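Undergrad: structure for this input, please:
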Amino acid sequence: MTNLQSCCAEKPALALYPSCTIQYGITPFYERNRTTADAPPPALPPPPLLLPSTPPGKSGRVIKIVVPAISFLVFSFFFCCVLVWKARKKRIAGMKRNDGISKATAMESLQFDSSVIDTATNNFAEVNKIGAGGFGSVYKGLLPNGQEIAVKRLSRSSGQGAEEFQNGVSVVAKLQHRNLVKLSGYCLEREERMLIYEFVPNKSLDYFIFGLALSNIYSTK
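TA: Okay, here's the model as predicted:
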């Protein structure tokens, strides 16, 4: 360095030595505050995502879990269907039973005791007989409450059973027609089969005979 100053004074100089290179000058020829670093190398791409491989035997365990679960769901579905079907069947049976009870109650409310009818018709005296038809005779009667009735006493040869007769009464009791008088009740004891109607004065005997025949037709269906 001393040699360069003595040699070249204030002139810039460059000396080459075997081990180094020296540049000399009276003005700066480099940047003192250089802080800019070289650009970093480009980032490497991320490694490929490797999915974990299913270890041997794991797929078999999955099948053992999934298959029973699906089977349980199917069984539960059919079990619920059976419960719904049984509940519906039970409800329908209950409705039919209630209808039967209601029908029986209604029939009981229409039933007359034979002793009441005997008293009302004076033991079916001929003087109270107002007509006869192919299915029996019609008698006029008077109940203890003062109500006049027409009693149809069916012939014992009609061949009607108790159930058939009650079915006929149930049908006739529901009928509403201008040619039919209102059914007040019935009497069913031993061999007796009687229909009790409201007595309508000045009406033809056909009103009563028609209803008597109609009850026989429906009861034999």
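Undergrad: and stretch 189-207, average pLDDT?
TA: For stretch 189-207, the mean pLDDT works out to 74.
Undergrad: next: stretch 72-86.
TA: On average, stretch 72-86 scores 86.
Undergrad: for stretch 169-180, same thing?
TA: Across stretch 169-180, pLDDT averages out at 68.
Undergrad: strands of this protein, start to end?
TA: In the chain, the segments counted as strands under DSSP state E are 13-16, 21-24, 129-133, 136-142, 148-154, 183-189, 192-198.
Undergrad: out of these, nearest to residue 75?
TA: Of all those, it is strand 183-189 that lies closest to residue 75, at 54.1 Å by C-beta to C-beta. C-beta: built from backbone N, CA, C; applies to glycine.
Undergrad: quick one: buried residues of that closest one?
TA: 183, 184, 185, 186, 187, 188 (16 or more other C-beta atoms under 10 Å).
Undergrad: which outside residues touch it?
TA: 110-114, 117, 147, 149, 162, 165-166, 169, 172-173, 193-198, 211 (C-beta atoms under 8 Å, 6 or more residues apart in numbering).
Undergrad: weed out the non-buried ones from those residues.
TA: 110, 112, 117, 149, 165-166, 169, 172-173, 193-197, 211.
Undergrad: how about the residues you listed, which pair is most distant?
TA: 149 and 166 (19.4 Å).
Undergrad: ok, back up a step: can you list the buried residues of strand 183-189 in a markdown table and add distance to residue 143?
TA: Putting the buried residues of strand 183-189 into a markdown table (distance: C-beta to C-beta, whole Å) gives the following:
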| residue | distance to residue 143 |
| --- | --- |
| 183 | 15 |
| 184 | 9 |
| 185 | 10 |
| 186 | 14 |
| 187 | 13 |
| 188 | 18 |
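Undergrad: for those residues, which one is nearest residue 125?
TA: Within the buried residues of strand 183-189, the smallest distance to residue 125 is 17.0 Å, found for residue 187 (C-beta to C-beta).
Undergrad: which one is the closest one nearest to, not counting chain neighbours?
TA: Nearest non-adjacent residue to residue 187, counting by C-beta to C-beta, 6 or more residues apart in numbering: residue 194, 4.0 Å away.
Undergrad: quick check: the one you found touching residue 151?
TA: Yes: applying C-beta atoms under 8 Å, one finds residue 194 in contact with residue 151, separated by 5.6 Å.
Undergrad: give me the common contacts of those two.
TA: residue 117.
Undergrad: how close does residue 76 sit to residue 70?
TA: Residue 76 sits at a distance of 11 Å from residue 70 (criterion: C-beta to C-beta, to the nearest Å).
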